[in-house]
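# Structure for the following, please:
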Amino acid sequence: MKKNSTRQELKRKIRELERKNHTKDELIAELSENYNLSLDMIGTGNLNGYFTNISSSFERILGYNKKELLENPFLFFVHDDDQEKTKKTLIEAQEGKKELFVDNRYRCKNGSYRWIDWKIFSVIQKNKFMAVGRDITEEKREEEQFKKIINGSIDGFVIVDINGKIIEVNKAYCQLLGYTRNEILKMSLMDFEAHLTKEQLKEITSKIIDTGGDRFESKNKTKNGDIIDVEVVVSFTPESHGTFLVFIHDITDRKRSEKALIKLNKTLDSKVKKRTDALRRLNEHLILTEDRERKNLAYELHDGVAQFLAIAVSQIKNLKEIDLKNKNKILSDVQKNIENAFKAVRILIHNVHPQILEDFNIDLVLGSLIDSHNEKEKIKIKYINNIFEHINLNETSKLTIYRATCELINNILKHSDSLVAEIELSKIKNNIQIRVEDKGIGFDIHADRLKKYSGFGLYSLSERVENMGGNLIIKSSKGKGTKITLTVPLQET
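Now for the predicted structure:
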């Protein structure tokens with residue numbers, strides 16, 4: 001049986017019987033005969049609060065017999081919480097309202113309650129009414145279960161009619177926006193919309209009606225004025241003139257994370273680009289440095305070792321052409337040139353990889369390096385050795401510290417214009433630290449002066465030190481000298 005078919009048919013029948021001018025008893029008898037087979041509860045009553053006649057469905061649904069139902073006022077069966085609205089409906093009927101609607105809970109004979117949805121028709125005779133009641137208990141249970149599920153959801157949920165008015169809302173959406181349930185039920189979704197225009201929302205609504213649903217992102221405005229990002233999932237059902245079921249998920253944190261991730265990616269891209277450019281320049285520097293060292297080595301071999309050996313060979317050839325008396329002197333000169341060539345070779349070997357690195361502790365190696373510069377150069381370097389124990393550094397750490405000190409001393413000699421400097425070697429916790437300081441002209445550390453000061457020397461040095469887990473700190477200003485602190489993790493053999 002279609003919903004409301006009984007009510008519509010009853011209404012038609014009442015008007016038909018009224019036109020026939022039946023007596024009261026005849027009218028009720030004919031109605032009873034027509035509707036005793038109906039599944040709905042059909043009855044007549046008076047405004048004193050009693051049913052005067054009822055269909056058999058009353059007994060079937062509520063469990064009372066007809067006498068019990070007619071002898072007691074119908075409010076006797078109505079749940080306490082529904083008394084007020086039931087009385088109000090009867091008063092409206094007494095005042096002449098033609099059609100009224102109310103739902104309430106009727107107590108059954110076994111103590112349980114059934115939800116009844118009533119439609120009350122216009123009074124047939126003075127102070128008389130006729131009503132049709134439909135048992136909607138199962139619908140109410142499903143509705144309550146639905147509400148429990150929806151109110152238990154962490155996402156917002158609203159039911160919206162075809163005109164955009166909100167007819168149901170869950171707790172999550174109330175909490176998300178900061179409104180009470182009653183406040184939201186007086187509003188429409190457009191009242192919260194902070195991104196889409198009215199025309200855009202109308203276009204989306206038409207699409208949803210045509211396709212049955214949609215998913216999109218938007219923004220909602222809360223009661224305190226905050227704007228939140230939301231993901232909206234809507235489904236449309238055409239029943240009851242059209243209803244929209246709308247789920248709203250707060251994606252504000254996700255959007256913030258996405259923005260932060262995009263920003264981070266841009267930062268990383270920028271850093272990678274800078275790092276790539278730096279590595280490219282470093283690679284160019286290393287190639288040029290290697291080429292320069294080869295040229296220096298070739299120069300030393302050509303102007304040193306090769307010259308001594310060439311002279312020695314020439315002198316040996318001349319021995320055939322001179323008398324015995326002068327041979328001893330020439331042999332002595334040959335010996336001297338060969339010794340000078342040997343000495344030059346040893347110096348080259350020392351410059352490529354000093355043997356002292358293999359034989360002595362790092363503090364003694366640096367002390368020897370500084371003494372060598374003090375002897376050959378005009379500068380006076382003060383050496384402060386704070387290491388009083390033997391440290392077995394691994395080969396990489398030892399070589400890096402040695403090369404770094406060489407580089408820093410060369411920078412002082414080339415760029416500082418200082419005649420005095422100070423180098424301090426210390427062991428601090430698990431690190432070896434070298435402080436190299438001069439009283440020269442200094443430079444602006446943030447300007448291109450740094451490149452002029454050392455080319456890629458300091459940059460290359462910094463890269464090598466950082467790859468070992470250490471760091472290089474440069475402090476300098478114009479006219480106040482330069483202080484460089486190099487820290488390398490202590491990695492013993």
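# And N46, how far from F101?
Going from N46 to F101 by Cβ to Cβ, to the nearest Å gives 20 Å. C-beta: built from backbone N, CA, C; applies to glycine.
# go on, S477?
Counting by Cβ to Cβ, the gap from S477 to F101 is 89 Å.
# what does M468 give?
M468 is 85 Å from F101, by Cβ to Cβ.
# who has more neighbours, the two?
M468 (15 against 9; other Cβ atoms under 10 Å).
# Just the element for the residue nearest to the more buried one when sequence neighbours are not counted, please.
Leaving out its chain neighbours, the residue that sits closest to M468 by Cβ to Cβ, 6 or more residues apart in numbering is V488, at 5.9 Å. Element membership for V488 (DSSP states H and E) is strand 482-489.
# what comes into contact with that strand?
For strand 482-489, the surrounding residues in contact (Cβ atoms under 8 Å, 6 or more residues apart in numbering) are 397, 400-401, 404, 408, 412, 416, 428, 430-438, 440, 442-443, 458, 461, 465, 468-476.
# average model confidence for that strand?
For strand 482-489, mean pLDDT is 91.
# tell me which residues in it are buried?
Within strand 482-489, the residues scored as buried using 16 or more other Cβ atoms under 10 Å are 482, 484, 486-488.
# repeat for stretch 56-76
Buried-residue list, stretch 56-76, by 16+ other Cβ under 10 Å: 57-59, 61-62, 64, 69-70, 74.
# same check, this time on stretch 426-446
Buried residues in stretch 426-446 (16+ other Cβ under 10 Å): 427, 432-438, 440-443.
# got these as TSV, with distance to D214 columns?
Listed next are the buried residues of stretch 426-446 as TSV, based on distance: Cβ to Cβ, whole Å:
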residue	distance to D214
K427	69
I432	66
Q433	65
I434	68
R435	68
V436	69
E437	71
D438	72
G440	73
I441	71
G442	68
F443	64
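# Show me the longest strand that occurs in this protein.
Identified as the longest strand of the chain according to DSSP state E is strand 227-237.
# CA atoms of that strand as CSV?
In CSV, the C-alpha atoms belonging to strand 227-237 read as follows (Å, rounded to 0.1, in the frame of the first residue of the first chain):
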residue,chain,number,x,y,z
ILE,A,227,37.9,30.2,7.3
ILE,A,228,38.4,26.5,7.1
ASP,A,229,39.1,24.2,4.1
VAL,A,230,36.5,21.5,3.6
GLU,A,231,35.9,18.6,1.3
VAL,A,232,32.2,18.1,0.4
VAL,A,233,30.6,14.9,-0.7
VAL,A,234,26.9,15.2,-1.8
SER,A,235,24.4,12.7,-2.8
PHE,A,236,20.9,13.5,-4.1
THR,A,237,17.7,11.5,-3.5
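# now it: how far from the chain's centre is it?
Taking Cα atoms, centre = their mean, to the nearest Å, one finds the center of strand 227-237 at 21 Å from the center of the full chain.
# Just after that strand, pick out the following helix or strand.
Toward the C-terminus, strand 227-237 is succeeded by strand 243-250 as the next helix or strand (DSSP H and E).
# Now do that following strand, average pLDDT.
Strand 243-250 comes out with an average pLDDT of 91.
# How about stretch 265-272?
The average pLDDT within stretch 265-272 is 85.
# Quickly find the element holding Q307.
Using DSSP H and E, Q307 sits within helix 306-318.
# With E138 instead?
Using DSSP H and E, E138 sits within helix 137-151.
# Which positions within that helix qualify as buried?
Within helix 137-151, the residues scored as buried using 16+ other Cβ under 10 Å are 137, 140, 150.
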